[in-house]
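**Q** structural data only, the sequence is not supplied:
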């Protein structure tokens, strides 16, 4: 059984197999940057193993559910989990509370269009700067804004963050022994999937 134990405040990132997942990875890759590894991100709000942990993520609406309900077999999407190491329990509570307040909101499709338009401008931060409406989150926006509420970021403005930006930031911090620890490597959720 997958041995990863998740905690509130952990960040999960996914690499999907559907055409939309591949398109998101393609259009979030900056020119000259290595291949994009992930296309989606969400936040753990209740701990447990990967079969019991509860997450919040922006899909067609922002939803709250068990991680396995969306990513367990027969789904073959890859899931990685990273834990922030520099947060107090109060900060974790604040991040989780912000994410939970977003549950039920409709997805921010105009933000996706803004990301695409900025990609056409070779990654310039122009159109994303204009998408300030908090009522319509996308996945990376939800996570980046939750962390911005406690003064943390992923190396970019929270309105500009993509799943790839968050992946690059947390994996680099993990390699440097910094503020993130990899709890689960990028792999499908299976009964024998390895933890990090």
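**A** Here it is on my side, so go on. These numbers come from a predicted model, not from an experiment.
**Q** the closest residue to residue 86 other than its chain neighbours: what's it in contact with?
**A** Spatial nearest neighbour of residue 86, excluding adjacent residues (C-beta to C-beta, 6 or more residues apart in numbering): residue 179 at 4.3 Å. Where C-beta positions appear, they are placed from N, C-alpha and C, glycine not excepted. Contacts for residue 179 were tallied using C-beta atoms under 8 Å, 6 or more residues apart in numbering; they are 84-86, 173.
**Q** can you list those in TSV and add pLDDT and secondary structure?
**A** Below are the contacts of residue 179 laid out as TSV (pLDDT from 0 to 100; DSSP: H, G, I helix; E, B strand; the rest coil):
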residue	pLDDT	secondary structure
84	96	strand
85	94	coil
86	92	coil
173	75	helix
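**Q** what separates residue 105 from residue 48, distance-wise?
**A** Using C-beta to C-beta, to the nearest Å, residue 105 is found at 25 Å from residue 48.
**Q** and residue 149, backbone torsions?
**A** As for residue 149, its main-chain torsions (degrees, to the nearest 10) stand at phi -60, psi -20.
**Q** that one touches residue 94, doesn't it?
**A** Yes - here residue 149 reaches residue 94: they are 5.8 Å apart, a contact under C-beta atoms under 8 Å.
**Q** neighbour count winner among the two?
**A** residue 94 (17 against 14; other C-beta atoms under 10 Å).
**Q** so the more buried one makes contact with residue 150?
**A** Yes - if you go by C-beta under 8 Å, residue 94 and residue 150 touch, sitting 5.4 Å apart.
**Q** fine by me, we can end here.
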